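Chemist: Okay, structure incoming, though there's no sequence with it:
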C-alpha cells in the first residue's frame, strides 16, 4: 500500500531539489527504493518469520512423521494426507466446519448489514445502541466463552428465562442438535458488532445525493436499499465477506472452552481438530497436514469470493 | 501512516540524501544493521541464560500447583543449601503438558525440574523428556511406597520421583439423608456402599427436597471414572502386551457406563456441569452424595454450609471395590545444566522425611514417615477426619487402581474424556464406547507405525 505514493513522490522531489546529472539517472532508476526497503524491512522480516517460514514449515512437516512427536521425523509424503482423509474424526471436522460456515457467514453479514443500516439512520439512541452492539468485541473471545458457558448451563440463566416463559429447559451445549447453533450464537454475538462497524463506515461514504435522485425517481425504501445502498457498499461488503469467512474458518477458543468439540463431535471445528492433533496427541505431522488442508480451503474460498465480487464491478 | 504523510516523509529523506549522500548511505546501512541486530537478538533472547551467577545455581521448577504449595520446602532447602536457589514457574494444570512438551521439544535448557502427571510419565520418558533417576531410586527403597515407585518407572528405569498419591471417598450430606430417612452410609473402610444403593438413596433424597442426588468431583475424567469400569470387571480399557489396544466395549465397561448414563438421564446427577463447578454443588448443601478425593474436604469445611460425613468409595454390586490413585511426581529435564543440584532438591523433597512432610500441603505423601505424619495430623483434627484417615489408609493398601502405564495414555485419556462427556449428556453408552474403541485404536496405531 505504501509503496505507491513512494515511487510517485520520489522523482518529483528529486526534480525539485536538483542534483548531479549522473546521480539523477541513478536515482531515477532506483527512486526511493532503498529507503522504502529500509522502512519495509521490519515488516518484511516479520512477514517472513511469522508467515512464510511457518507456512513452509507446515508444508514440510506435513510430509514427515514421527510416532512420538520428538524423535527424528521420517519422510512419509502424501501418506500423511491419506491417513488424514481416512480418519473419520477429520472428515467429521470438515463436515462440521462446512455446515458452520454455510450458516454463520451469511447470518452474520445479513445481521451486521441490517444493524448498520438501522444505526446509520438519524434515530434517537442510535449511538448508544451502536456502542452496545459493538461492546462484545472489546471482550476477549475466551472471556465471552466463559460467560456464555454459565448462561448455557442446564440450570443456568437461559433455562431460567425459558422456564419463566413456560418453555421446557433446553440442553444447549449438551445437546447434539443445539451445540453448534449455540456456538454460532456466541461467535455472532461478538462478530456482528465488529463487521457492523465496517459497514457503517461504508454507509457514511455513500453520497446522499444518490438517495435524493433515487427518491425523485420514485424509488421506495427497499428500492433505494437494493439499487443504491448495496451497490455502493460493494467494496466494504467484499472485505467483510472475505474477512468474516476466514475468521470463522479459524474459530477456536469458544469451541475449546465451551464444548471441546462435543457432543459426539458435533462442534469439532477444524481448528480444534488441528489443536488436538498438535497438542493433545502430539502428532505434529498430522496436525501440519490438517493445517495445510485449512490453508488450501481458505485460499480456495478467498479466490472464489474475489472472482464473484469482481464480476460486474467495473 | 497515511499515504500523504509517507510522501512527505520520504521527501524529507530525499533532501537529506542529496545533501550528504555518503553519510546517509552509512546511516542507511546502520539502520538496516540495527534492525537486523534487534530482530536477531530478540529471536535469540534468553537462550544463553544458564541459571548460574556468582557461585549460586538457580533451578527452574515448572509445576501446576496452587501458589504457596512449595514455599515451605523451598525455604528450608535453600537455608540448608545456600548456593542453590529454586525459582518456580506455575502453569495452569491444563497447560502444563503442552508447555513442557513444546519447551523440551526444542531442547530448552531453562527448565531444570518439572511436575510429571504420573500416567503421562511413560510418554514423556519415551520421548526423551526425562532424565533417568536410578541412583535416587536406590536411596528411596524402603522409604517410599513401592507402588508409587513402580508407577514412576518405565522400561525398568526410574524416570521421576513420586511426591504424592491420591484416593477416593464418598461424601454425604447428613441433613439431606436424614430428611429422606435414609440411613447414613457406614464409615467402615471395608464395607463400601454399592453404586446401586447410592442411586436409590440419592433418588429418595431428591424426593425429599435435595436438588441433586449424586455428583462426581471430576465428571468426564478418566482418573475418576476408570474405577467404575474396574469395579464392574472391565479393566483399564486397554489390552495387549504394551497396552496399545483398546478394550472399552467389554461387559464391565458397558455395564459401568450404561449405569453412568442412566444416573444423568434420570436426573439423579445434573448435566452440563464442568469439573471445576462440581464441588460447589455439594458445598452449598444441594447435593446428597459427592464422590471425590480427600482434597475436597478443605473447600467443604471453608464454606461451613454443609454438615457432611465420609464413607469409602462405592463399588458395583457383585464387583470389586476400586479407587483412583496416584498423583504428581517430579522429574528432571535431560537438557538441564544443573542436574546434580536438581537431584539434590528432588531427593530432599521426596526421600527425606522432613522435606516430604514440608511438601505435603493438602496432599497425601508417599514417603512413608511423611505419610504417617499426614495420617496422624488428619486424625487429630476430629472424628470425621479420623474416619477419613482410616478410609484413605485402607483404600491405598487394598483397592487402589493405577492408570495404565503406556506411551499411548494421553490418546486414551483424551478420547475417553470426550466419550464420558457424551455419555453423560445423553448418548447411549454401548454406541459411544464402540466409537471410542475405534478412535483409540486409530490413535494408538501411530505407535506401531
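Modeler: Perfect, I can see it now. Predicted, not measured: the structure shown is a model, and the values here were computed from it.
Chemist: Domains in the chain, by residue range?
Modeler: Since no chain was named, I'll use chain A. Residue ranges for the domains of chain A, per automatic domain parsing: A:3-62, A:87-310.
Chemist: let's do chain B instead
Modeler: When chain B is cut into domains by automatic domain parsing, you get B:52-162+B:328-362, B:169-325+B:402-448.
Chemist: Whether the first one contacts chain A - can you check?
Modeler: It refers to domain B:52-162+B:328-362. Yes - judged by C-beta under 8 Å from any C-beta of the partner chain, domain B:52-162+B:328-362 comes into contact with chain A through B:98, B:101, B:104-105, B:123, B:126-129. C-beta here means a position set from N, CA and C on the backbone, and glycine is covered the same way.
Chemist: For those residues, could you give me CSV that also reports distance to residue A:102?
Modeler: As requested, the residues of domain B:52-162+B:328-362 next to chain A are exported to CSV (distance: C-beta to C-beta, whole Å):
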residue, distance to residue A:102
B:98, 32
B:101, 36
B:104, 42
B:105, 37
B:123, 39
B:126, 43
B:127, 40
B:128, 45
B:129, 43
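Chemist: Go ahead and build a PyMOL selection from the buried members of these.
Modeler: Applying 16 or more other C-beta atoms under 10 Å in any protein chain shown to the residues of domain B:52-162+B:328-362 next to chain A leaves a buried subset, and the PyMOL line that selects it is:
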select buried, chain B and resi 101+104+123+126+127+129
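Chemist: Which of the residues of domain B:52-162+B:328-362 next to chain A fall within helices?
Modeler: Using DSSP state H, the subset of those located in helices is B:98, B:101, B:104-105, B:123, B:126.
Chemist: what sits against the residue of the stretch 201-350 of chain B found nearest chain A?
Modeler: Distance from chain A to each residue of the stretch 201-350 of chain B (C-beta to the nearest C-beta) is smallest for residue B:272, at 4.2 Å. For residue B:272, the contacting residues are A:152-156, A:171-174, B:425, by C-beta atoms under 8 Å, 6 or more residues apart in numbering or on different chains.
Chemist: where's it relative to residue A:150, distance?
Modeler: As defined by C-beta to C-beta, to the nearest Å, residue B:272 lies at a distance of 11 Å from residue A:150.
Chemist: Show me the common contact partners of the two, please.
Modeler: Joint contacts of residue B:272 and residue A:150 (C-beta under 8 Å, 6+ apart) are residue A:156.
Chemist: The residue lying closest to residue A:174 once chain neighbours are set aside: how many residues sit nearby?
Modeler: Counting by C-beta to C-beta, 6 or more residues apart in numbering or on different chains, the nearest residue to residue A:174 once its immediate chain neighbours are dropped is residue B:425, at 3.9 Å. When neighbours are counted by other C-beta atoms under 10 Å in any protein chain shown, residue B:425 registers 24.
Chemist: and the domains of chain A, which is most packed in?
Modeler: domain A:87-310 (a mean of 17; mean count of other C-beta atoms under 10 Å in any protein chain shown).
Chemist: re the thing from before, take the domains of chain A and lay them out in a markdown table including mean pLDDT.
Modeler: Shown next, in a markdown table, are these (pLDDT from 0 to 100):
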| stretch | mean pLDDT |
| --- | --- |
| domain A:3-62 | 71 |
| domain A:87-310 | 90 |
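Chemist: In the chain, which residue is most central in space?
Modeler: Picking chain A for this. Central residue of chain A (C-alpha atoms, centre = their mean): residue A:247, 2.2 Å from the mean position.
Chemist: That was the other one, I meant chain B.
Modeler: Using C-alpha atoms, centre = their mean, the most central residue of chain B is residue B:117, at 5.3 Å.
Chemist: buried ones in the helix or strand containing residue A:84?
Modeler: Taking DSSP states H and E as the criterion, residue A:84 maps to helix A:79-86. Using 16+ other C-beta under 10 Å as the test for burial, helix A:79-86 gives A:80-81, A:83-84.
Chemist: Likewise for stretch B:399-414?
Modeler: The neighbour-count check on stretch B:399-414 (16+ other C-beta under 10 Å) flags B:399-414 as buried.
Chemist: ok, which of those residues also contact chain A?
Modeler: Checking the buried residues of stretch B:399-414 against chain A (C-beta under 8 Å from any C-beta), the matches are B:407, B:410-411, B:414.
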